[in-house]
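Enquirer: model the following, please.
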Amino acid sequence: MTTAGAGCGGHCAEKFPLDFTMAFQPIVDLAAHGVWAHEALVRGVEGQGAGWVLGQVNEGNRYAFDQSCRVKAIELAAGLPMNGARLSINFLPNAVYKAEACIQATLAAARRTGFPTDRIIFEVTENERIVDHDHLKSIFTEYKRQGFLTAIDDFGSGYSGLNLLAEFQPDIIKLDMELTRHIDSDRPRRSIVKAILTVCDDLGIIPVAEGVETVDEARALRDLGVTLMQGYLFAKPAFQAVVTDPPLILAA
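Expert: Now for the predicted structure:
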C-alpha cells in the first residue's frame, strides 16, 4: 500500500498497523435519475466493519490512518466504474497539522491514478469534537483552493450545530439520519429540516439527506426540496465496488 504519511514532518510517529480497504455507498440524485457521488467507507480487508478498523486508531497513528484513507479511496475509485460520479472521502481534521502540506499525498494519488480532483469531496463529521474551529476553517479554505468540494457530515447532531455553519460554509451539508428518520410522520423534524434548507438555499449550500430507509421518508424529503439522498432504501455499501444503478424509487 502507498505510504501516505510521507513528508508529514514528524507528525506520523507510527504507521497504521493494519491494511484496510473500502466499501462505497451511492448518493443518488432523484432529479437527474442517477448517482451523484459514492462515499468511501473504511472496512477491514476481510469485510470487518468500520468500528473494527477505527478501534485501532490512536494519537500515534491518526495522521497515517487519515492519509492512508484518502489514498486508498482514490486508488480504489480510480479502478471502479464511477461514470462521472463524485468520490466522497471522510477525513479527520484533528489529524491535519497543516492543510497545504497534508493534502500533498491526496494530490499525488489523484495525479497518479488520473482521478479528477474536482470530483473529490472531503467530509468532516460534526460528531468529531473540533478542537480548533479556525484550524478547520483553514483546512476547508485550502481544500476549496485546491478545487475539492467540502462537506459537513451528520449535520444536526454532535457538538456544534449551526454554530459550526456560522463560522464557515462548506459546499455540502449532509443531514443526519436522526433528522431524516420518520420525517414523513414527524412534524418537528420536518420543520427543523425545512429551516435548515432555507439556510442552505440562502448560503448556496447543497443539502444531502442521509439514512433514508423508507419510500415515505424519501417522498417527504423530496417534497421539501431535497433531491440528493443516501441510505439503505437505495443501496447498502458495496465492498470494494460501486452500485451504478440503484433503484430510484421516486424518480418518476
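
Enquirer: so Phe140, which of the three states?
Expert: Three-state assignment for Phe140 (DSSP: H, G, I helix; E, B strand; the rest coil): helix.

Enquirer: all helices of this structure, in order?
Expert: 50-54, 62-78, 99-102, 104-113, 133-145, 162-167, 177-180, 187-203, 215-224 (DSSP state H).

Enquirer: helices and strands around the first one, which ones?
Expert: In terms of contacts (3 or more CB pairs under 8 Å, 6 or more residues apart in numbering; DSSP states H and E), helix 50-54 is packed against strand 34-44. Every C-beta, even on glycine, is put in place using the N, C-alpha and C of the backbone.

Enquirer: how far out from the middle of the chain is the strand it packs on?
Expert: Relative to its chain's centre, strand 34-44 lies at 8 Å (CA atoms, centre = their mean, to the nearest Å).

Enquirer: read off the pLDDT value for Tyr97.
Expert: With respect to pLDDT, Tyr97 has a value of 76.

Enquirer: and what of Thr227?
Expert: On the pLDDT scale, Thr227 is placed at 96.

Enquirer: the one 4 residues further on now?
Expert: For Gly231, the model assigns a pLDDT of 96.

Enquirer: packed most tightly, which of the helices of the chain would that be?
Expert: Most buried of these, by mean neighbour count (mean count of other CB atoms under 10 Å): helix 62-78, with a mean of 23.

Enquirer: quick check: angle from that one to strand 34-44?
Expert: 130 degrees (axes from the mean of the first three to the mean of the last three CA atoms, to 10 degrees).

Enquirer: so how far is helix 62-78 from its chain's centroid?
Expert: Chain-centre distance of helix 62-78: 13 Å, with CA atoms, centre = their mean.

Enquirer: alpha carbons only: can I get it in CSV?
Expert: Extracted in CSV, the C-alpha atoms of helix 62-78 (Å, rounded to 0.1, in the frame of the first residue of the first chain):
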residue,chain,number,x,y,z
ARG,A,62,-4.1,9.0,13.5
TYR,A,63,-2.2,11.0,10.9
ALA,A,64,-1.0,7.9,9.0
PHE,A,65,-4.5,6.5,9.1
ASP,A,66,-6.1,9.7,7.8
GLN,A,67,-3.6,10.0,4.9
SER,A,68,-3.9,6.3,4.0
CYS,A,69,-7.7,6.5,3.9
ARG,A,70,-7.5,9.3,1.3
VAL,A,71,-5.0,7.4,-0.9
LYS,A,72,-6.9,4.1,-0.6
ALA,A,73,-10.2,5.6,-1.5
ILE,A,74,-8.8,7.3,-4.6
GLU,A,75,-6.8,4.3,-5.8
LEU,A,76,-9.9,2.0,-5.5
ALA,A,77,-12.3,4.5,-7.0
ALA,A,78,-10.0,5.1,-10.0
